[in-house]
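J.: Need a 3D model of the following:
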Amino acid sequence: MLTEVNLPFILLAALLATASPGPATLAIAGTSMNSGRRYGLALASGVMSGSLMWSVSAAFGLGAIMLANAWVFEVVRYMGACYLLYLAFKSIRSALKISVVTTDANVVLSLKAAYAKGLALHLTNPKAILFFGALFSVGIPKDASSSSLATVIIAIAIQSFIVFHGYAFLFSSQRAINVYTKLRRGFEAAFGLAFGAAGVKILTTPVE
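T.: Okay, here's the model as predicted:
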């Protein structure tokens, strides 16, 4: 029964985590403005898929297993940091170019590539492991039924779908595209700094 779990708390915490600015939401916004709505939606689907994978893993204790085996967590941590720094490099390089290019961090060549980029962003995000691990440990009792776990996973998935795809729709509007076109280099610089800051933070923040 849902009375076993604190569903409102879980959904509120998940909403704050997914809706707040971060590497995933920045990537969705940049791709939607620069490559169009379809690519933004594809990237958002990749991010949501990664979120769903971590949610299921945490619900069944796999997140705790990863945290207990420090070397596995550290591998994911450094992979995520390197990927964010790679995106930062591509965005900064694009910002330094006067003309509009088609090889920067927010341009994708196919829907499949956009989806893969979103999936990679979330699967290599160590914050996602920590977030879902803490969320399920606090909001769900150890003796929660399988139906309760399934309900929570589905509820978070639906909420994440709405938030991430909502970002894609919002930033693929013609007004957003017009603003991006005029201020492209500034946006790219901001994306680069944000990706770089996130990557450095992951590398330098100790995990206890």
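J.: What segments of the chain are helices?
T.: In the chain, helices defined by DSSP state H lie at 7-19, 23-35, 37-59, 62-68, 70-95, 111-123, 126-139, 146-171, 174-182, 184-204, listed in chain order.
J.: how about the second one as PDB, C-alpha atoms only?
T.: Coordinates of the C-alpha atoms in helix 23-35 are reproduced here as PDB (Å, rounded to 0.1, in the frame of the first residue of the first chain):
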ATOM      1  CA  PRO A  23      24.200  19.400 -16.800                       C
ATOM      2  CA  ALA A  24      21.200  17.400 -18.000                       C
ATOM      3  CA  THR A  25      18.700  20.300 -18.200                       C
ATOM      4  CA  LEU A  26      21.400  22.600 -19.700                       C
ATOM      5  CA  ALA A  27      22.100  20.000 -22.400                       C
ATOM      6  CA  ILE A  28      18.400  19.700 -23.100                       C
ATOM      7  CA  ALA A  29      18.000  23.400 -23.400                       C
ATOM      8  CA  GLY A  30      21.000  23.900 -25.600                       C
ATOM      9  CA  THR A  31      20.100  21.000 -27.900                       C
ATOM     10  CA  SER A  32      16.500  22.100 -28.200                       C
ATOM     11  CA  MET A  33      17.500  25.700 -29.100                       C
ATOM     12  CA  ASN A  34      20.400  24.800 -31.500                       C
ATOM     13  CA  SER A  35      19.200  21.600 -33.100                       C
END
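J.: Find the residue at the geometric middle of this protein.
T.: Computing the C-alpha centroid of the chain and ranking residues by Cα atoms, centre = their mean puts A24 first, at 3.3 Å.
J.: which of the helices of the chain sits most buried?
T.: helix 23-35 (a mean of 25; mean count of other Cβ atoms under 10 Å). Just so you know, the C-beta spots here come from the backbone N, C-alpha and C atoms, and that holds for glycine as well.
J.: Could you tell me the angle between it and helix 184-204?
T.: Computed by axes from the mean of the first three to the mean of the last three Cα atoms, to 10 degrees, the angle separating helix 23-35 from helix 184-204 equals 160 degrees.
J.: Could you list every helix and strand in contact with helix 23-35?
T.: helix 37-59, helix 70-95, helix 111-123, helix 146-171, helix 174-182, helix 184-204 (3 or more Cβ pairs under 8 Å, 6 or more residues apart in numbering; DSSP states H and E).
J.: Confidence-wise, which of those is weakest overall?
T.: Ranked by mean pLDDT, these end with helix 70-95 at the bottom, a mean of 74.
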